[in-house]
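Novice: Here's a sequence, model it:
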Amino acid sequence: MTALWQTIAACLPATAAERDQAAALLADYRAHGYIARPPAEMARLSHAAIAAFYAALPDGPRPVSSSSAWMLDASFCFINVRATGVDGRHGTFIHAAKLLPALRADAIHLGPFTDYDFGVIYAPRSSRTISPLIIEPELPLAPLMQAVAFVEACHALGKAVGFDLLPHVAQFALTVMVHPEAFRWLKLNAAKDGLAGGMSQADMLAEPAQAAIVDEIRARVTEAKRASGIETFASPEDDHTTVLYKREVYFRLIGTLIAAGYWSIPSQSWNAHGVPAFAGYNYDGGYPRFDYRSPDGADQSGAAYHVVTPFKTAQITAVNRAPESAPPHPPGIDLFADTFTYWREQGFDFVRYDSVDHIFDSADGPWPLSDRPAPDVLREVIARTRRDAPHIGALAERMVNDFEGYPALGFDLGLGSDPLRPLDRALVESGFRLYDWLDAHHKQGDRPFGVTFAVDTHDSGNPAFWGQPLVQAAGAEGMRRRHFLARFLDIGRAPRPKYECIGSQDLSYGLYAANISDVNLTWVGDTDYTHRYHLLEDLYARHRALLRRGRLLRRHADDDGAWWVAGDGSAVLVAALNYAAGRPARMYADLSGVGAAPNGLIYNLEHPEPAELGYDGYGFDFNLDGLRLVVLGVQR
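Specialist: Residues are numbered from 1 along each chain as shown. Presented below is the predicted three-dimensional model:
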């Protein structure tokens, strides 16, 4: 393995028992290509055992290709490093590396791991400084090198790694302090009940006033560094102690700026225009209040993120209304784009673009209607990520199934809405319609594009959706049905790659809570579910080649269940499922016209080996009882 894992293993000398454990893990992995243990069990491995495992693996080639089309054939798993700890200890990159061999995914979507504010990983304090909570301070590796060790562990297992690129940072993020020119600012008067100099907000947002505020902030930042004896607030070479000292300096600087009345402007609500309006000061809380209004004047504060500030990618002076013009702001665009360029050099292979759900309905031609990056900005940013690295993939966080316009910007994949919808006829029929759209898209010769089937996402645990984590709401049978759809609706020229989250493999849950507070996953470790998870994955692997080269030849859905036929003329596969537990459904699959009379094999997901299938010359009857998830492999 790389020198990094050799160093980690040397710092964590394994006992004889831990060496035996590492050897057993290695034997399992080499025999199967994965380790069929629940993530909850893997999470409790000792650091020494997993270090010995990785130290024994050969270096893995970084998955580089001549284009980003590899994204369409990959599958994805989201991991929040902080949430991977056990027994009350926060997860670290070492904890997270323990889980990787148990995941049947080709790519890891890594949630934000840099320093953050308010306990929310999606409110980053820095785009480069790694959160001290997820670092092993006893290792003689700088925080950056611990992150790189995780990336190299992924690559050793043949997995790509993705970075979560956000269009915002925390209001007083280190990124904002170091690059004030890339954000929008207000300066309050001494009483904090209005803006300095009696200016209107529109005038203060104009470039002359913004430039003056930026110069003042730069002067205060320079003085804070000089007084503390530091040259930078963060450096990749900083050890754990230095990181903590620089954080103290940074926090004191925040207090200085707040006392002087400086505030970066928070992000506008997704359904409002312009930037939010300054609306007074909360003296008890010590922060300014802002007003968020939709175009018709309705209060949108409930949909706003009050503690983050967006990159200033366009010059906007309009307040709660659409701007008449919004020319590009190069400093903000450059900083936004360069955020990933830095991590690309550390080995990351793709980008997941956060909060791009409304990029087209919040733009008027070239002008953005609010403070989000406009489509042209995203096109430019995606192009920059691929400069000298054409393999870098782009995944759009858009939780609906309408992706018109996204491929032209350079996106390879969209996330899709599946985890927010009940498992029923409408969900399956929407999958059929999406197949038709993707198939037609590729027939036109447009840029290849796919939409993941998300078994779950880190956002679906928001109580506003299901009232509880989807894993709990759906239960084991519901999650298996979603997993089934994710694998067997991925057909031919209409790619639907699987997207899952850590915990989807053994019914662990709590990822949403772990993203917005300093808590770990609730580890469940359901061994039966994990067995079935791998059984389904093995079944998919057996038929993957047919699914990839085939087309959707026939489909049927009713209120009880659904079946569909995929094939390439020489072989066909029939997949079927029943939506509702405890309600058997008898169905007839008509195969007339899809090929010669088949010799059928039926795979029930309870058993790894197929059984014989009766055929009446036109099709076959089957009863979706028992598990109610069946794959019918029909071959000529």
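
Novice: so where is the stretch 351-500 of the chain shaky, pLDDT-wise?
Specialist: Across the stretch 351-500 of the chain, nothing is flagged by pLDDT under 70.

Novice: all strands of it, in order?
Specialist: Listed in chain order, the strands of the stretch 351-500 of the chain (DSSP state E, counting those that start in this stretch) span 363-364, 367-368, 393-396, 413-414, 450-451, 453-454, 498-501.

Novice: Please apply the same query to the stretch 501-636 of the chain.
Specialist: Taking DSSP E, counting those that start in this stretch as the criterion, the stretch 501-636 of the chain carries its strands at 551-557, 561-567, 571-578, 585-590, 599-604, 611-612, 619-624, 629-635.

Novice: and residue 291, how many neighbours?
Specialist: Neighbour count of residue 291, defined by other CB atoms under 10 Å: 16. All C-beta atoms are positioned from the backbone trio N, CA, C, and that covers glycine.

Novice: sorry, back to before: with distance to residue 403 and mean neighbour count as extra columns, can I get the strands of the stretch 351-500 of the chain in CSV?
Specialist: Output for the strands of the stretch 351-500 of the chain, formatted as CSV (distance: least, CB to CB, whole Å; neighbours: other CB atoms under 10 Å):
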stretch, distance to residue 403, mean neighbour count
strand 363-364, 16, 16
strand 367-368, 19, 21
strand 393-396, 7, 28
strand 413-414, 5, 28
strand 450-451, 6, 28
strand 453-454, 14, 27
strand 498-501, 15, 28
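
Novice: To residue 92, which of the ones you listed lies closest?
Specialist: Ranking the strands of the stretch 351-500 of the chain by proximity to residue 92 (CB to CB) places strand 498-501 first, at 18.9 Å.

Novice: what's that closest one packed up against?
Specialist: Contacting strand 498-501 under the criterion 3 or more CB pairs under 8 Å, 6 or more residues apart in numbering; DSSP states H and E are the following elements: strand 76-79, strand 453-454, helix 470-488.

Novice: In a markdown table: these, plus distance to residue 355.
Specialist: Putting the helices and strands packed on strand 498-501 into a markdown table (distance: least, CB to CB, whole Å) gives the following:
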| stretch | distance to residue 355 |
| --- | --- |
| strand 76-79 | 16 |
| strand 453-454 | 16 |
| helix 470-488 | 21 |
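
Novice: right, and these - which one's nearest residue 424?
Specialist: Nearest to residue 424 among the helices and strands packed on strand 498-501 is helix 470-488; the distance by CB to CB comes to 10.3 Å.

Novice: And that closest one, what does it pack against?
Specialist: Where contact means 3+ CB pairs under 8 Å, 6+ apart, helix 470-488 is packed against helix 425-443, strand 453-454, strand 498-501, helix 527-549, strand 571-578, strand 629-635.

Novice: Just put those in JSON lines and tack on distance to residue 358.
Specialist: Shown next, in JSON lines, are those (distance: least, CB to CB, whole Å):
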{"stretch": "helix 425-443", "distance to residue 358": "20"}
{"stretch": "strand 453-454", "distance to residue 358": "19"}
{"stretch": "strand 498-501", "distance to residue 358": "21"}
{"stretch": "helix 527-549", "distance to residue 358": "33"}
{"stretch": "strand 571-578", "distance to residue 358": "33"}
{"stretch": "strand 629-635", "distance to residue 358": "35"}
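
Novice: So what sits opposite the residue nearest the centre of the chain in the bridge?
Specialist: Geometric centre of the chain, nearest residue: residue 109, 5.0 Å, by CA atoms, centre = their mean. Taking DSSP bridges as the rule, residue 109 bridges to residue 78, residue 162.

Novice: my guess is it contacts residue 160, does it?
Specialist: No. If you go by CB atoms under 8 Å, residue 109 and residue 160 don't touch, sitting 9.5 Å apart.

Novice: so where's this protein uncertain?
Specialist: Residues of the chain meeting the criterion pLDDT under 70: 1, 60-64, 581-585, 595-615, 617, 623-636.

Novice: let's see it at 80
Specialist: For the chain, residues meeting the criterion pLDDT under 80 lie at 1-2, 59-65, 236-237, 239-240, 365-366, 569-571, 580-636.

Novice: sorry, back to before: contacting residues around the residue nearest to the centre of the chain?
Specialist: 76, 77, 78, 79, 162, 164, 352, 395, 499 (CB atoms under 8 Å, 6 or more residues apart in numbering).

Novice: and which of the residues you listed is nearest residue 449?
Specialist: Nearest member of the contacts of residue 109 to residue 449, counting by CB to CB, is residue 395, at 11.0 Å.
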